[in-house]
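*Asks:* This is a predicted model, with the sequence first.
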Amino acid sequence: MKTVTGFASATVGNVACGFDVLGFAITEPGDEVILTLHDERSSDCPVSITSIIGDGGALPLDPKKNTSSFVVLKFLEYIRTTKGIAFDGHIDLVLKKNLPLSSGMGSSAASAAAALIAANELLGSPCSKMELVHFAIEGERVACGSAHADNAAPAMLGNFILIRSYHPLDLITIKPPANLFCSLVHPHTELKTSFARSVLPKSIPLSTATQQWGNVGALVAGLLMEDYDLIGRALVDVVAEPKRAPLIPGFVEVKQAALDAGALGCSIAGSGPSVFAFSSSRQTAETVGAAMQQAFLHSKASLASDMWVSPICSEGARIVSKTP
Ligand SMILES: Nc1ncnc2c1ncn2[C@@H]1O[C@H](COP(=O)(O)OP(=O)(O)OP(=O)(O)O)[C@@H](O)[C@H]1O
Ligand SMILES: N[C@@H](CCO)C(=O)O
């Protein structure tokens, strides 16, 4: 039997000012999905989740409700209808959940991207990553009710991804500056994306909008020009952060600690509760991350946390092993 293992890493959506339109991938940690191909179909549904490791039993085993299996079903439908590949076998799926749930680290997107890259390899690579990313985005609708691409696209494609348009989907890859490092701190609490989206305003004043898109343009320019000071100046979110910061105990102190420790900028990772900061060296990023953890610990909520320091991952979802 042919077996393929796919991997996709954590991602940070929004990147402060780029709500739903900007995201990036880090190198570790990430989710793994192991797919095994059987010639004989063993149930009506062509995909079965045989086990999930590391989720504490929290995730659905229904293949239509778990993002890892849901996106493989979408992929099989796509290759049947558009490439004439009628799959009549069966796929067993094992999900190794290394990312915390409802963390702001793109957990559901990582499962989806890892599953898609493995399924594509398992069936002879009929699709490009740019085709696969459409299904990863659909997986987000299953996870949190909205098909935002700022975790799913960088999970699949790596780098920074700017979503110029959703209809039609228009993704722009932005290579990271050489010396940009991310400190990512996950406090031991959960914040569901669907709830974090429910607290956002339905409309914003024009003055707020102009500030926000000015910073998005400046952030993209800073990345492309490798202007670290500009990147830091542009990491300002006047739309989502003001509404979501109160949902993350200690956020204000954590952000200040990051800046005091030398970070270029700091904001909420995706919909939270994780917090990210950028630095222009790995050494500074390590110092910044430790200061952020201390601030979470000494805040009123006294939250323990995990911390990773990483460059921006340029590879995206990848195959880590396969048997003939
Ligand atoms: N493979 C999966 N991994 C994580 N969540 C999944 C998965 N499949 C389905 N879900 C559903 O998605 C919900 C998590 O969605 P949510 O967006 O809040 O978390 P997340 O994707 O882990 O977080 P974030 O994108 O903020 O890191 C879970 O409650 C779960 O029911
Ligand atoms: N753009 C999404 C990111 C979720 O990780 C949000 O902020 O709701």
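*Replies:* Cool, the structure landed. Ligands and ions are numbered 1, 2, ... in the order given.
*Asks:* What parts of the stretch 151-300 of the chain come near ligand 2?
*Replies:* Within reach of ligand 2 by CB under 6 Å from any ligand atom, the stretch 151-300 of the chain has these residues: Asn151, Thr193, Ala196, Arg197, Ala240, Gly270, Ser271. Heads up, the C-betas are built off the backbone N, CA and C, glycines and all.
*Asks:* again, only using 5 Å
*Replies:* Asn151, Thr193, Arg197, Gly270, Ser271 (CB under 5 Å from any ligand atom).
*Asks:* now swap in the stretch 1-150 of the chain and tell me
*Replies:* So the stretch 1-150 of the chain meets ligand 2 at Gly13, Asn14, Asp20, His148, Asp150 (CB under 5 Å from any ligand atom).
*Asks:* quick one on the thing from earlier: which members of the residues of the stretch 151-300 of the chain next to ligand 2 define the maximum pairwise distance?
*Replies:* Asn151 and Arg197 (12.9 Å; CB to CB).
*Asks:* Any part of the helix or strand harbouring Leu93 near ligand 1?
*Replies:* Element membership for Leu93 (DSSP states H and E) is strand 90-96. No: Strand 90-96 does not reach ligand 1 (CB under 5 Å from any ligand atom); its nearest approach is 6.0 Å.
*Asks:* For stretch 81-90, the averaged confidence score.
*Replies:* Per-region confidence: stretch 81-90 scores 95 on mean pLDDT.
*Asks:* What is the burial count for Pro168?
*Replies:* Neighbourhood size, Pro168 [other CB atoms under 10 Å]: 6.
*Asks:* what about it, distance to Cys127?
*Replies:* Distance of Pro168 to Cys127, given as CB to CB, to the nearest Å: 17 Å.
*Asks:* for Glu77, same thing?
*Replies:* 12 Å.
*Asks:* Kindly report the same for Ser302.
*Replies:* Distance, Ser302 to Cys127, by CB to CB: 47 Å.
*Asks:* and if you look at Ser103?
*Replies:* 28 Å.
*Asks:* hang on, the earlier thing: just want to know which of Asn151 and Arg197 has more residues nearby.
*Replies:* Asn151 (36 against 17).
*Asks:* buried stuff in stretch 93-113?
*Replies:* Buried residues in stretch 93-113, counted by 16 or more other CB atoms under 10 Å: 93-113.
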